[in-house]
Structures are given as C-alpha cells and as structure tokens.
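A.B. asks: Need coordinates for the following:
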Amino acid sequence: MLPSIRRWALVFLAAGFSLLAHAQYPDKPIKIIVPYPPGGTTDLLARSLAPRLSERLNQPVLIDNRAGAGGVIGSQVVAKSAADGYTLVFGSIASHGILPAVQNPPPYDPLKDFAPISLAAMTPNVLLANVASPFKSLSELIQMARSKPGELNFGSTSLGGSPHMSGELLKSLAKIDMVHVPYKGGAPMLVDLIGGQVPIAFDNLPSSIQHIRSGKVRALAVTTTKRWPGAPEIPTMAEAGLPNYESSAWFGLFAPGATPKPVVELLQRHVTAILKQPDFEKLYLEQGAMPVGNTSEEFAKFIAGEMVKWRTVVNDTGVKLN
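C.D. replies: Numbers count the residues shown, from 1 in each chain. The predicted model follows:
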C-alpha cells in the first residue's frame, strides 16, 4: 500500500513542478531558428516578428540562421531540441509543406515532429527577369522557351521550395521545357539575377520587392489569382496569359512536437496579437506579405491540406530531390 501511495505522490509532485515551470515560462531568452540564409523572405518576416514577441514576453527573442538542404537542416535542429518552448523554427511552405512530399523518405513529419503555433503570413511568388534580358512579358518568355526547348534557365531560392515549384507549375501549364537552377536562398539568387548569370527567376515577393521598386529586376507576374495590394502594378500569371495558374507561399512558427500545450497556447496568443496590430500589419504588407494569425489547431489543419496538395503536384510533375 505504501509504495503505491509513494508512487502517486511522486506523480503529483512531478505534475506540480511541470505546472510551475509552465507558469514561469519564459524565464530566459528564446531562439527562433530560420532555416534559410539571411536576407530571404523567411528571414525578413522572422526578424520583423522577433522584437515584437520579445516585448510581449519580456525576454530576448533571438534569430539564428541555420541554412541548408532547403530548410531541412535548421528544421531538424528544432525537431530534436528540448520541447520547452525556448527553441522555435520559423518554417515555410517549403520546409513544412513541400519537402515531405519531394523527399523519400521524408526528413521529418511537420505535424508529428513539430507543434504548429500559428500561420504568420502568406505571400505571392513573383516571376522576375534580368532587366537586360529580352523578356518584357510572360508571353514573350513562353514564346522563346517553346522555340528553344531546354535552353532557358530559371533560378529559384532552393530545391523543392515554393519558388521552384512555381517554375515547375509554369513548365507544366505552358508546356515548355526550362532548366532549374537552385540557389541557397533568395539573396544569392537575386545577386545572380541582377548580374545576368541567370535570365529569369522565381522568388517570394518580400525578398525581391525592393529590387523591383528600384528597377534592378523586372517583375513579369505574381503567382496569385489576384494582384497583390502592395504591388498592384504587377499582373497575375493569368492576366499575363497563363489561365488557371495559382501558387502562394506561407510562413509560420513551430515548436518541437512534444512542447507542452500551455506553452504553445501562450506563444500562439502573443503571435496572433502581434499579427493583428495595425502598424505591424502595415509593416508586413509593405514587405509584400499578408499577415494571418490563427489557432494551433487551424494551422495544423492547414498544413495537413498543404501536404496533400503538394504531394499531388509532385506526383503529377515527377519532381524528386533524391
């Protein structure tokens, strides 16, 4: 009888310590891993969110770039980290929506190995051209690609990312053959696009919007079904001559899979509150992103749907990373 009582006492004591730890969270700095290089869209959006989250939590929120393998390396660091809410990842459609579909075996499960906190933002991708290239419209690009199959290169921010898949979707719908040139992030890709090493490229709008506005690159079309409010002068792919085209990127915050629910819910409340602040909404819109903010359950359901969608696209196009 006594051993049984002692065992239950230990269980209740452990539960009490756990509740106390949750109540004190956070009591030290929080690290958000960005699984891509500095200067890209994921990095820009995470760095905008971090200081606001720091203010609300009264703790430093630090950004740690862990680029590599299209978002896999940094994401795996978080999946294997202590599930205490102090190591998070600012993931994307590439790292948590597409990669599980294009890698066999998948590097991780976005829903089992992570605790989705909130969908932070959605943004269009944009088809860009070097200003010295002959392409002033999508129709001109398609015409050239059809006349010279396999001779036109297009850059993207990573292998298997949403810009890459946007290019594959263009190839499929326009019935053209182009060669994909993957880069290790948006910043190095834009350097080569501006320098003329690659004639066209797909990028997330936030990391390229300033180069578009300064005239360093030419925007041919956005990948959404409607023109983007922050850049209404850029036509959609459908308006530019390719009906039924739609591809959007998204970004969100994740914790390790076993993170206690009270910690996830606290982070979700603060992140959602930040995303709904009018001045922060304006900041994201100016960067080319639409702030979202939802519950952990809604985010998980959204990711599940995205995984099904991109698995279908991958099966149709035959894209594989290994």
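
A.B. asks: Can you show me the strands along the stretch 151-300 of the chain?
C.D. replies: For the stretch 151-300 of the chain, strands defined by DSSP state E, counting those that start in this stretch occupy the ranges 152-156, 178-182, 200-204, 217-222, 248-256, 290-291.

A.B. asks: Buried deepest among those, which one?
C.D. replies: Of all those, strand 200-204 has the most neighbours on average by mean count of other C-beta atoms under 10 Å, namely a mean of 29. Every residue, glycine included, has its C-beta placed from N, CA and C.

A.B. asks: Which strands border that one, and is each parallel or antiparallel?
C.D. replies: Here strand 200-204 is paired, per DSSP bridges, with strand 114-130 (antiparallel), strand 152-156 (parallel).

A.B. asks: of those strands, which approaches G252 most closely?
C.D. replies: strand 114-130 (4.5 Å; C-beta to C-beta).

A.B. asks: Could you give the separation of the next helix or strand after that closest one from the chain centroid?
C.D. replies: Remark: after strand 114-130, the chain's next helix or strand is helix 138-147, criterion DSSP states H and E. Its chain's C-alpha centre lies 29 Å from the corresponding centre of helix 138-147 when counted by C-alpha atoms, centre = their mean, to the nearest Å.

A.B. asks: returning to what we had before: as a markdown table, the strands paired with strand 200-204 with distance to A79 would be great.
C.D. replies: Output for the strands paired with strand 200-204, formatted as a markdown table (distance: least, C-beta to C-beta, whole Å):
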| stretch | distance to A79 |
| --- | --- |
| strand 114-130 | 6 |
| strand 152-156 | 25 |
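
A.B. asks: The most centrally placed residue in the chain bridge partners, please.
C.D. replies: For the chain, S92 is the residue whose C-alpha lies nearest the centre (C-alpha atoms, centre = their mean; 2.2 Å). S92 forms beta bridges with F251, as assigned by DSSP bridges.

A.B. asks: shouldn't it be in contact with T42?
C.D. replies: Yes: if you go by C-beta atoms under 8 Å, S92 and T42 touch, sitting 5.2 Å apart.
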